[in-house]
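Visitor: Any chance you could fold what I've pasted below:
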Amino acid sequence: MSDTPPERSGATGSVSWQSFDRPEGTGETAAPGEQAGGEAASVHPAAFMALSQETQSGGPQSIEFLRDVEVELTAELGTARMQIKHILGLRPGSVVELNRLAGEPVDIMVNKTLIARGEVVVVDEKFAVRVVEIVPPERRLGSG
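Guide: Below is the predicted model of the structure:
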């Protein structure tokens with residue numbers, strides 16, 4: 001048997017061979033194209049379906065099936081960095097200072113990606129956020 005693993009490549013994919021272990025405890029390895037026990041194995045390259053222009057196209061219609069997918073939307077008031085010893089010292093009444101000024105827009109995040117900024121308002125005694133700025137898609141990359 002050859003020590004050099006044979007390689008196959010073609011338009012439908014590529015396959016490279018390495019030795020395969022025989023059943024546990026035998027300490028032997030099977031050669032490419034051979035199963036445990038010396039039997040010939042049926043080996044052939046994987047076939048892949050070519051993508052057509054139709055499957056590659058995008059546009060407004062391709063997003064329709066996503067309309068009912070739920071995502072997590074959060075409004076981030078601000079952040080703070082603290083040492084563990086200070087976190088362990090937090091008690092009711094402790095104040096944690098955030099990196100934002102009062103009245104400054106909050107970040108509106110979808111799945112931890114910044115998509116907009118807004119101002120905190122109250123609607124029916126619940127907090128809400130009024131959108132004041134949409135973050136352009138090119139600035140969203142690299143968030144989250």
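Visitor: remind me, longest strand of this protein?
Guide: strand 113-123 (DSSP state E).
Visitor: Give me the sheet partners of it and which way each runs.
Guide: strand 106-110 (antiparallel), strand 126-134 (antiparallel) (DSSP bridges).
Visitor: Out of those strands, the one nearest E72 is which?
Guide: Nearest of the strands paired with strand 113-123 to E72, taken as CB to CB: strand 106-110 at 7.1 Å. The C-beta positions use only the backbone N, C-alpha and C, and glycine is treated the same way.
Visitor: Run through the bridge partners of A128.
Guide: V121.
Visitor: ok, it - contacts?
Guide: A128 makes contact with 120-122, according to CB atoms under 8 Å, 6 or more residues apart in numbering.
Visitor: and of these, the nearest to E76?
Guide: Among the contacts of A128, and counting by CB to CB, the member closest to E76 is V120, at 11.1 Å.
Visitor: Just the pLDDT at the closest one, thanks.
Guide: At V120, the model reports a pLDDT of 94.
Visitor: Check the gap between it and T113 for me.
Guide: Distance from V120 to T113, counting by CB to CB, to the nearest Å: 20 Å.
Visitor: Verify the stated contact: V120 with K126.
Guide: No. V120 lies out of contact with K126 (CB atoms under 8 Å); the separation is 11.1 Å.
Visitor: neighbour count winner among those two?
Guide: The neighbour count for V120 versus K126, taken as other CB atoms under 10 Å, is higher for V120 (14 against 7).
Visitor: Surely K85 is in a helix?
Guide: Yes. Remark: K85 belongs to a helix, assigned using DSSP: H, G, I helix; E, B strand; the rest coil.
Visitor: For it, which residues are in contact?
Guide: So K85 contacts nothing (CB under 8 Å, 6+ apart).
Visitor: Where do the strands of this structure begin and end?
Guide: 7-10, 13-16, 20-21, 29-30, 73-76, 106-110, 113-123, 126-134.
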